[in-house]
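> let me see the structure of the following:
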Amino acid sequence: MNAPKRHPLANSDIERAARYYDGKKPGLGDDFTHELEQIVRVISENPLRYSIRFGAWRRANLGRFPYAVFYQIVDDTPVIFAVLYGRSDFKPVLEQRQT
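This is a model prediction of the structure:
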């Protein structure tokens, strides 16, 4: 498998969440992005680790923060489409971002 790619809007999701957490407590946004990068590393090393939740979507939950990484494997490459709050209605967002 190849290194994960990110949909451009996934980067926006990450930046928005990090700013939110920094607003709650300085440095907490850095903690969020650090944990996210750990999950992305796991996805990179073993993209099949996380089960398919629906369609071709895989979901990797962060441990400390109530967010999930939604990705698909496209041509042997994991593609991260969204990083969303765990209780949000994610299906419409994912449908819009799907390739």
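> for the residue nearest the centre of the chain, give me phi and psi.
For the chain, residue 69 is the residue whose C-alpha lies nearest the centre (C-alpha atoms, centre = their mean; 2.3 Å). Per-residue torsions, residue 69: phi -100, psi 120 (degrees, to the nearest 10).
> contacts only, for it.
Shown in contact with residue 69 (C-beta atoms under 8 Å, 6 or more residues apart in numbering): 36, 39-40, 43, 59-62, 80, 82-83. Glycine gets a C-beta too; all of them are placed from N, C-alpha and C.
> and it, how far from residue 22?
Per C-beta to C-beta, to the nearest Å, residue 69 is found 20 Å from residue 22.
> and what of residue 31?
For residue 31 relative to residue 22 (C-beta to C-beta), the value is 10 Å.
> swap in residue 48?
Per C-beta to C-beta, residue 48 is found 33 Å from residue 22.
> helix, strand or coil for residue 2?
Assigned by DSSP: H, G, I helix; E, B strand; the rest coil, the conformation of residue 2 is coil.
> element containing the residue nearest to residue 52 when sequence neighbours are not counted, please.
Distance criterion C-beta to C-beta, 6 or more residues apart in numbering; nearest residue to residue 52, sequence neighbours excluded, is residue 58 at 5.7 Å. In the assignment (DSSP states H and E), residue 58 maps to strand 57-61.
> buried ones in that strand?
By 16 or more other C-beta atoms under 10 Å, the buried positions in strand 57-61 come out as 57-60.
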